[in-house]
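Enquirer: attaching a predicted model along with its sequence, questions to come.
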Amino acid sequence: MKNSKKPGMAPRKIAAPAVRPNVQKILTTTDFSDDSRAGVRYAAALAERLNADVALLHVVEPRSWMDRLEARKDSELVALAQAQLAKVAKREVGGDATVTSSVRTGKPFHEITTAAREGTADLIVIATHGYTGVERILLGSTAERVVRHAPCPVLVVPTRELPKRAGKAPPFQLKKILVPIDFSNLSKDALPYAVFLAGRFDAEVILLHVVEPFAPPAELGYAPSTAKEAEAASQQCAAEQLARVRQQTLTPNMSVQTLVRSGAPFHEICCAAKALGADLIVLTTHGYTGLKHVWLGSTAERVVRHAPCPVLVVRPTAP
């Protein structure tokens, strides 16, 4: 959405969208690995607190021609997966939540997003291995692709720091929710979900704005002190705008704090989450794909890749 305000005018009022979160059906996926188990456990705990249903999905990837030489047929693989799903549902999803399970065949990210669309899921919960660098490039990331193409919000649970084959899952908690805000119409879409979850879990909301460093070209004759003054002014302005966001969109009885940091947005978001002990980051993604996505990059996907805690990525609402 374009900003119709002219430069120099007072900051526009930031208000939450009219559509309020309604999480009644949670789609979660498993490939039967220890890593994916963390995502299923998170979805189950969330569903229990939100009184939501759980849809459990496993995707069987198409086999290569060499794999097809084996005697086992595709129908047998699907039957085995369905039996394993039943065990996962019984072991990991407790409480009174209604659980359904299904097996699809195809590319994981495509089948997950298609299942969410066809099943009208309100939320996708998926675990990610959290690989970076060359390992991520070689293996790709199903979670990142799901974030890019999903028709609904996606909650990504990182597993790189979790103990492997732990006998007992760590207790589920949601006490601190970090919400990065850049004062755009896009970033405001994260606020209703943060407020919704904070209300259900009696959690604190932390509003964060990251000021990118001001570095004017040396040939223009700017002194280093000028850059520092500009950055300090930006921080002060950001603090004032965060105060307005808090007043305009959050309820008075909610526990809220505001924070301004300087640096690269994705890096500062992750550092703040770690320093503050955040249990969840809630942010929006621009939703671009193709060349536009490659050119502009995605702060949300970088946060998903490096965050020390689960990340809820919200799709932008229609303008």
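Expert: Perfect, I can see it now. Residues are numbered from 1 along each chain as shown.
Enquirer: any idea which helix or strand comes after the helix or strand bottoming out on mean pLDDT in the chain?
Expert: When each helix and strand of the chain is scored by mean pLDDT, DSSP states H and E, helix 133-139 comes last, with a mean of 42. Following helix 133-139 in sequence order, the next helix or strand is helix 142-149 (DSSP states H and E).
Enquirer: immediately after that following helix, which helix or strand?
Expert: Under the assignment DSSP H and E, the closest C-terminal helix or strand after helix 142-149 is strand 154-158.
Enquirer: counting neighbours, which bits of the helix or strand following that next one end up buried?
Expert: Going down the chain from strand 154-158, the next helix or strand is strand 176-180, by DSSP H and E. Buried positions in strand 176-180, judged by neighbour count with 16 or more other CB atoms under 10 Å: 176-180. Every residue, glycine included, has its C-beta placed from N, CA and C.
Enquirer: before we move on, what about stretch 40-60?
Expert: Buried residues in stretch 40-60, counted by 16+ other CB under 10 Å: 40-48, 50, 52-60.
Enquirer: look up the closest residue to Ala121, ignoring the ones flanking it.
Expert: Leu27 (3.9 Å; CB to CB, 6 or more residues apart in numbering).
Enquirer: the helix or strand containing the one you found pairs with which strands, and in what direction?
Expert: Element membership of Leu27 [criterion: DSSP H and E] is strand 25-29. Paired neighbours of strand 25-29 in the sheet (DSSP bridges): strand 53-60 (parallel), strand 123-128 (parallel).
Enquirer: so how far is that strand from its chain's centroid?
Expert: Relative to its parent chain, strand 25-29 has a centroid offset of 14 Å by CA atoms, centre = their mean, to the nearest Å.
Enquirer: ok and that strand relative to strand 154-158, angle-wise?
Expert: Between strand 25-29 and strand 154-158, the angle comes out at 40 degrees (axes from the mean of the first three to the mean of the last three CA atoms, to 10 degrees).
Enquirer: how far off helix 142-149 does strand 25-29 point, in degrees?
Expert: Angle of strand 25-29 versus helix 142-149, following the same axes, to 10 degrees, is 140 degrees.
Enquirer: just checking, next helix/strand downstream of strand 25-29?
Expert: Following strand 25-29 in sequence, per DSSP H and E, is helix 34-50.
Enquirer: what helices or strands is that following helix leaning on?
Expert: Under the contact criterion of 3 or more CB pairs under 8 Å, 6 or more residues apart in numbering; DSSP states H and E, helix 34-50 touches strand 25-29, strand 53-60, helix 74-92, strand 123-128, strand 154-158, helix 191-201.
Enquirer: least confident of the ones you listed, on average?
Expert: Ranked on mean pLDDT, the bottom entry among those is helix 74-92, at a mean of 83.
Enquirer: angle of that helix against helix 34-50?
Expert: 50 degrees.
Enquirer: I'd like the next helix or strand past helix 74-92.
Expert: Scanning forward in sequence from helix 74-92 by DSSP H and E, the next helix or strand is strand 99-105.
Enquirer: next helix or strand past the biggest helix by length in the chain?
Expert: Under DSSP state H, the helix in the chain containing the largest number of residues is helix 224-249. For helix 224-249, the following helix or strand on the C-terminal side (DSSP H and E) is strand 256-262.
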